[in-house]
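Asks: Below are the sequence and a predicted model; questions follow.
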Amino acid sequence: MFRTPTTLAAALVALLATPALTVAALGQETRASATAKLDTEFAASDANKDGYLSLPELEARMAKMKVRGKALDPVHAKRVAALVMARGDLDKDGKLSRAESDQLMGAVFSAYDLNHDGKVDAAEAARARAAANGVAKGATPKR
């Protein structure tokens, strides 16, 4: 399955951060704007509105995700959801809290903010998309 931190980051980009790391017309996404988008995505994915994302809710979100205009196939959707749960569920209670999601998003953002300026610019976002596309195809991205 997925073994590297880069793969984790790419999977998270594929899960919740694709909208969050979509580079705006200005060519950059800030940590604050990405976090705000993630919060909206989290709320939309929390189908039962209990403040947590369960594995089925993560899988449902993945099933709706589009990579290069196509829905992620069910096998990869389940893999990405399982990876996010395995890495993000820090207290191992079988669900992802908003705080755990925020912590994971922070790690993703840091992984792609290569020059550590608090923004993901167009080049950094292109790298994130390429890594996410590789995960969607089942590849392990290189760091």
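Replies: That came in fine, so what should we check first?
Asks: so where do the strands sit in this protein?
Replies: For the chain, the strands defined by DSSP state E cover 28-30, 52-54, 66-67, 70-71, 95-97, 119-121.
Asks: Mean neighbour count, distance to Y112 and mean pLDDT for those - can I get that in TSV?
Replies: Placement of C-beta: from N, CA and C, glycine included. Shown next, in TSV, are these (neighbours: other CB atoms under 10 Å; distance: least, CB to CB, whole Å; pLDDT from 0 to 100):
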stretch	mean neighbour count	distance to Y112	mean pLDDT
strand 28-30	19	9	85
strand 52-54	22	22	97
strand 66-67	14	17	72
strand 70-71	10	23	81
strand 95-97	21	20	97
strand 119-121	23	5	89
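Asks: Those strands into CSV, with extra columns for distance to F109?
Replies: Listed next are those as CSV, based on distance: least, CB to CB, whole Å:
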stretch, distance to F109
strand 28-30, 8
strand 52-54, 18
strand 66-67, 20
strand 70-71, 25
strand 95-97, 17
strand 119-121, 7
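Asks: For S45, which of the ones you listed is the nearest?
Replies: With CB to CB as the measure, strand 52-54 is the member of the strands of the chain nearest S45 (5.7 Å).
Asks: Now do A77 against L104, distance only.
Replies: 17 Å (CB to CB, to the nearest Å).
Asks: what residues are up against the residue nearest to K78 when sequence neighbours are not counted?
Replies: Nearest-residue entry for K78: E59, 5.7 Å, with adjacent residues in sequence omitted and distances by CB to CB, 6 or more residues apart in numbering. Applying CB atoms under 8 Å, 6 or more residues apart in numbering to E59 gives the contacts A77, K78, A81.
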